[in-house]
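Student: The following comprises the amino acid sequence and a computationally predicted model.
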Amino acid sequence: MKNGSKFAIVGGSGAGKSTILNLLEQFYRPEQGRITLGGVDIRDFEIGSYRSLFSYLPQNAPGFDGTVRDFLCYGSGTPHSDEELKELLREVDMTESVEAMGGLDFEVGPGASKLSGGQRQRLAVARMLLTGAGTVLADEATSALDFEGSRRIASLIDKYAAGKTRIIVAHDLSTVQDADMILVLNKGRVDGMGTHVELKETCPAYRRLLTAGEEETA
Ligand SMILES: Nc1ncnc2c1ncn2[C@@H]1O[C@H](COP(=O)(O)OP(=O)(O)OP(=O)(O)O)[C@@H](O)[C@H]1O
Ligand SMILES: [Mg+2]
């Protein structure tokens, strides 16, 4: 896959989309085969520096103890001013929610249980905007948001990631039509790979996903 390209993974529930990102992040290892980066088996990299190559937005934004400020700044080596953090909150439409909580020093724990799923996803995106590394791995990063919120945050991620390599798992196919390459998974198998235009022509499984998506948004 080329540097700076947008690579999308689509497929039904349980198809294996998250598994691919988890393998890339080395949360577990392949039982067969190997994954290489620049010709080197990813297992041969030092894990900390390897993971620091990616900004990972997981499907279920992680539990967390600490304040909104801690959540945002986690993983960033440098201090950030309140102004900077508030600007970020504005970008992800969290200004009002965080004010209602009592501000940046509100304790979100235990396990971020005082935040909704959508609020966690928005803060996770804000954190990426603040500290993000080169390659973006986004696993349905806006799945807990409503339609409009999801489109907005997806375009924010796109804007941020322009020029960066992106591997994006998407449920809403309208967000991946401009991808350089789309991988269609079905029950753990690859059903097709190509651009939106190519897959529409050649891949019945992709067409089925498109039709299902249209019915959802109708
Ligand atoms: N750690 C694991 N060990 C064994 N099987 C797993 C593990 N994680 C997921 N699976 C199984 O692998 C399959 C693919 O799961 P995966 O989470 O990759 O699906 P997905 O395409 O991301 O689905 P969704 O759209 O629902 O998020 C599922 O059948 C799941 O039950
Ligand atoms: Mg998944």
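Tutor: Thanks, I have it. Ligands and ions are numbered 1, 2, ... in the order given.
Student: Summarise which helices and strands the helix or strand containing residue 121 is packed against.
Tutor: Assessed by DSSP states H and E, residue 121 sits inside helix 117-131. Under the contact definition 3 or more C-beta pairs under 8 Å, 6 or more residues apart in numbering; DSSP states H and E, helix 117-131 sits against strand 54-57, helix 68-73, helix 82-91, helix 147-161. (Each C-beta comes from the backbone N, C-alpha and C, glycine too.)
Student: ok, is it in contact with ligand 1 or not?
Tutor: No. Using C-beta under 6 Å from any ligand atom, helix 117-131 never reaches ligand 1; the gap is at least 13.7 Å.
Student: now the angle from that helix to helix 147-161?
Tutor: Relative orientation of helix 117-131 versus helix 147-161 (axes from the mean of the first three to the mean of the last three C-alpha atoms, to 10 degrees): 10 degrees.
Student: got the angle for helix 117-131 vs helix 82-91?
Tutor: Angle, helix 117-131 to helix 82-91, by the same axes, to 10 degrees: 130 degrees.
Student: partners of the next helix or strand after helix 117-131 in the sheet?
Tutor: Sequence order places strand 135-139 as the next helix or strand after helix 117-131, per DSSP H and E. Paired strands of strand 135-139, with direction, are strand 54-57 (parallel), strand 166-169 (parallel) (DSSP bridges).
Student: Quickly compare these and say which is most buried.
Tutor: Of the strands paired with strand 135-139, the one with the most neighbours on average (mean count of other C-beta atoms under 10 Å) is strand 166-169, at a mean of 24.
Student: Tell me the helices and strands packed up against the helix or strand just after it.
Tutor: Moving toward the C-terminus from strand 166-169, the next helix or strand (DSSP H and E) is strand 181-186. Secondary-structure packing of strand 181-186 (3+ C-beta pairs under 8 Å, 6+ apart): strand 6-11, strand 189-194, helix 196-202, helix 204-217.
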